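Chemist: make a model of this:
(chains A and B)
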There are 2 protein chains.
Amino acid sequence: MSTSLAAGLQLKLDDNGLIPAIIQSAVSGRVLMMAWMNEESLNRTIEIGETVFYSRSRKELWHKGATSSNRQKVQSIELDCDSDALLIRVIEMGPACHNGTDSCFDTALIFENQDVL
Amino acid sequence: MSTSLAAGLQLKLDDNGLIPAIIQSAVSGRVLMMAWMNEESLNRTIEIGETVFYSRSRKELWHKGATSSNRQKVQSIELDCDSDALLIRVIEMGPACHNGTDSCFDTALIFENQDVL
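Modeler: The predicted model follows:
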């Protein structure tokens, strides 16, 4: 499945019409979370300048921070070389994670190699 | 589908037994690429300390840089709060992208908002 963007680019969506979106803080450089977008949520994100995802569990659009106020203001959206992943740099208005941590990746370090630090 | 990690953590794999892996440069902070791992490729990554992915097109393990020598030495692997995405920080030995760019996201900027810079 693919969909056209304004610039004539094509998104490669998966069988469910979704594309993964990596959210990175433009402030700290920390990767904050990974979520999913469909065509409508990407268009809405571009329209309002804040991240809007597609919730696979609730099967609906999800404007990040609409209730918690931890919105993410979008600085840039980049599409990767094979058009099947998005990198979105944001200015975050609060923690990304529902656990209250800055990043959803702050929970579990499963491997570390000090030798390459 | 879920699988056990040494630390007692569970990975949440998709219907194809895969989990997305976000690769970030520990040097520049740039997000380099997104690829997929299965349990075997994650174990192999931990074992050799370099990224090993699962190629969905070739349906086989793919040791990044094995032929190009653009390997990625793994500094850390973090699992997100809902256990369905990995963030892997690496020291890269060369460009991540098959196009020769540092990052697979260097190709297409589809949105930019200078106001939030």
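
Chemist: can you pull out the strands in chain A?
Modeler: Assigned strands in chain A, in chain order: A:2-4, A:10-12, A:19-25, A:31-37, A:52-55, A:60-63, A:72-79, A:86-92, A:108-112 (criterion: DSSP state E).

Chemist: quickly note the distance from A:Thr101 to A:Gln75.
Modeler: For A:Thr101, the distance to A:Gln75 equals 21 Å [CB to CB, to the nearest Å]. C-betas here are computed from N, CA, C, even on glycine.

Chemist: higher neighbour count, those two?
Modeler: When neighbours are counted by other CB atoms under 10 Å in any protein chain shown, A:Thr101 and A:Gln75 differ, and A:Gln75 comes out ahead with 21 against 14.

Chemist: which residues does that one contact?
Modeler: By CB atoms under 8 Å, 6 or more residues apart in numbering or on different chains, A:Gln75 lies in contact with A:Ala26, A:Arg89, A:Val90, A:Ile91, B:Glu112, B:Asn113, B:Val116, B:Leu117.

Chemist: look up the closest residue to the fifth one, ignoring the ones flanking it.
Modeler: Put plainly, it is B:Glu112. A:Ser76 (4.8 Å; CB to CB, 6 or more residues apart in numbering or on different chains).

Chemist: need the per-residue pLDDT for the one you found.
Modeler: On the pLDDT scale, A:Ser76 is placed at 96.

Chemist: burial check on it, number of neighbours?
Modeler: Quick note: A:Ser76 (other CB under 10 Å) scores 19 neighbours.

Chemist: who's in contact with it?
Modeler: Listed by CB under 8 Å, 6+ apart, the contact set of A:Ser76 reads A:Ala26, A:Ile88, A:Arg89, B:Leu109, B:Phe111, B:Glu112, B:Asn113.
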